[in-house]
Structure formats: structure tokens, C-alpha cells
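Enquirer: no sequence for this one, just the structure:
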DNA sequence: TTCTCAAGAAAGAATGATTATCCCTTCACT
DNA sequence: AGTGAAGGGATAATCATTCTTTCTTGAGAA
């Protein structure tokens, strides 16, 4: 896990670099994303911001998250039928373990993916820009509690 | 690529096995899924069925596809923001190459994924049920035509 | 310090894929 | 032929996300 403070600083830098303001709402959002406890959804970020900024609207969170995604400071994990989840701590593709019961998402430790992508690119002629590897199952905690 | 006719037969068998009827509409849908040219979306299946069954509704396609998914005869590739895509030819998890321009999806040739999943399961305590590996980029054809 | 204006935020409407509901039709079995 | 459950058609409902409009704010100019 990268140091959340470093990530916050990097994100602030990128925003300023591209002429975007660092508003209190944005700062609150990117702090949560930089720590990325459990890969939050927009809704989760919204809930955690409410106490500090009760007037912030969901649309603002969406816009901020998408802005950071465009700046490549946040990775989006999209799931149709459920809310998308976001990772601002490791803003590059990496594998995840998804619990289908409690909906938790944790990083999985697998390497060689980048090399594999390069190999595939060479073999198929595709210009590969990103990838995604997800495992779905039941986490140990959910197995205990049935 | 599995023989489409074999897949059709298998799907018909599974439907009957579980007490579901094989209606003309269902047969039309599963024939398309068994061949799975380009991993069609529900909308694409709908368009291809229209000429033969002009009165079929989208809802029927959705219901049939989900029924086959529940029977594990079809794999769903879901994309938030876009339509889900389906593969009834290889109804087990396998990697895909996705072109972000023309939205085509082709099978990628990568193996060792199942073993990797088993290894991860042992290491993390997760009960891994399925997985998904996608590469996103530009296909050779789209690179040519800019 | 005030003024000005573009960027940002808030609120709610709009979008679009998917699912649910309702009702009619069809088929398997008497 | 009669009956009851499963399937199909049409449309409404849902829900995450995006768009639109209007209001607010803040940085730099005067």
C-alpha cells in the first residue's frame, strides 16, 4: 500500500498541473480515494463526506472521481448492476479478490500481468492499453459466518 | 471454438433436464449464443432474431439469456455503462481482448489461469468460484483505419 | 479592496440498460 | 376438449450515472 499522504500530494499536484482547482469538496474526496479502504463506491465516498460537508451532492462526487480517473490518478472497477468501485491508492491495473457476499474487494498478489499483456500485444497485433483481472468468490470471513 | 451444433444440443438438453421448455424463441436465442460470433449483446441477439420472429420482445431475450446463464451454459461479460455481452460457445471463464473503438471482443489465448486461481485460493483462504481477465486496447483493424 | 468572470458546486431532470409486472397464449397432461 | 402452469409480449419501474441549469466562489485585474 502506497503512503496515502504521498498519494494525496500527487493528486493535488496533478490537479493544479492541469489547471483544476483544489476545492474542499475535492480534497475530501481525494483523501478518501488515496487511502482507498476497501475500494469505495461513489455512494460510500458520499456517506463518508456527509458529516463534514453535508451539502455536497452525489453529482459532485461523480464529477470529482471521473476527473481523477481522466488524470489517471484513480482506477475504476466497473460492475454492471452494482455501483462502480474506485482505487486511488494504486492507480494502475492490478488484480483483485472480490467477495460476492459482502462485496469486499482486496488486492490480489499476482505478477507477470504486464509482461503477459506485452506478449499478447506482440502476438495479436492489438495495442493493449490496460487490463483487468478479477477473482470472484467467498472471503474467509463470510465462509465462517455462512 | 466448440462445435456450435454440439453446444445447441447441450443447451437443449440442459433446459429439458431442468424442466424448462424449448420454445422457438429460446431455440433461436440459444442458436445464436452457441455460435457466439463476436460475443453478442442482448440488443444484437434481438436484431438477429427480428427477421424470423418479428414479435419477440427484448424482455424475452433478457429472460432467456439469464436462464441460460443460471444453467451455466452462457458466460456473461458485464460492462457498466454499456450493454453486457454473452458467450455461449465457451461457457466457462476465459480471457478476452476488447477493442475500445469498435467494441469487438475476441478470445485471448492465455492459460494457467485456473491453476493461478487455485493457488490464490490456497494462499488467501478465499473460496474462488470464478474469475475474469480482460485486456483493453485497439484491435489491428482499428489501428489501420485510425 | 472591490470587480469580474470562468470554474466549480448543488439540485434535480434525463438517460439507458436491465428487471419486474401484468396479462394473454400455449403446451402437457387429464 | 379442459385445466393449470410455464412462457411470451408489452410496458412500467428501477437504479447508477450523466446532463443541464442555476447559483456560488475565488483568483487576478484595476
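Expert: That came through fine. Since the model is a prediction, treat every value here as computed from it, not as a measurement.
Enquirer: okay, which residue is most central for chain A?
Expert: Centrality entry for chain A: nearest residue to the mean C-alpha point is residue A:87, 1.7 Å, by C-alpha atoms, centre = their mean.
Enquirer: nearest residue to it other than its sequence neighbours?
Expert: Nearest residue to residue A:87 in three dimensions, chain neighbours excluded: residue A:75, at 4.7 Å (C-beta to C-beta, 6 or more residues apart in numbering or on different chains). Every residue, glycine included, has its C-beta placed from N, CA and C.
Enquirer: quick check: that neighbour touching residue A:89?
Expert: No: shown here, residue A:75 and residue A:89 do not form a contact pair, counting by C-beta atoms under 8 Å, at 9.3 Å.
Enquirer: now do the helices in chain A.
Expert: All helices of chain A, identified by DSSP state H, fall at A:4-17, A:24-35, A:42-49, A:58-70, A:113-124, A:140-144.
Enquirer: out of the ones you listed, which one sits most buried?
Expert: Ranked by mean neighbour count under mean count of other C-beta atoms under 10 Å in any protein chain shown, those are led by helix A:24-35, which reaches a mean of 21.
Enquirer: would stretch A:85-94 count as contacting DNA strand D?
Expert: No: contact of stretch A:85-94 with DNA strand D is not found when judged by C-beta under 7 Å from any atom of the strand; the minimum separation is 8.3 Å.
Enquirer: ok, now how distant is the residue lying closest to residue A:105 once chain neighbours are set aside from residue A:94?
Expert: Taking C-beta to C-beta, 6+ apart as the measure, residue A:105 lies nearest to residue A:39, with 4.3 Å between them; neighbours along the chain are not counted. Counting by C-beta to C-beta, to the nearest Å, the gap from residue A:39 to residue A:94 is 11 Å.
Enquirer: and stretch A:25-35, what's its mean pLDDT?
Expert: The average pLDDT for stretch A:25-35 rounds to 94.
Enquirer: so what's the closest residue to residue A:132 other than its chain neighbours scoring on pLDDT?
Expert: Closest residue to residue A:132 apart from its sequence neighbours, by C-beta to C-beta, 6+ apart: residue B:134 at 5.0 Å. pLDDT, the model's per-residue confidence, is 96 for residue B:134.
Enquirer: count of neighbours near residue B:134?
Expert: Counted with other C-beta atoms under 10 Å in any protein chain shown, the neighbours of residue B:134 add up to 17.
Enquirer: which residues does it contact?
Expert: Contact criterion C-beta atoms under 8 Å, 6 or more residues apart in numbering or on different chains gives A:131-133, B:77, B:95-96, B:98 as the residues in contact with residue B:134.
Enquirer: can you check residue A:93 too?
Expert: Going by C-beta under 8 Å, 6+ apart, residue A:93 touches A:75, A:113, A:130-133.
Enquirer: which two from those end up farthest apart in space?
Expert: Pairwise distances across the contacts of residue A:93 (C-beta to C-beta) peak at 13.6 Å, for the pair A:75 and A:113.
Enquirer: where does chain A come near DNA strand C, residue by residue?
Expert: Near DNA strand C, the residues belonging to chain A are A:20-21, A:23, A:25-26, A:53, A:55-60, A:63-64, A:80-81 when assessed by C-beta under 7 Å from any atom of the strand.
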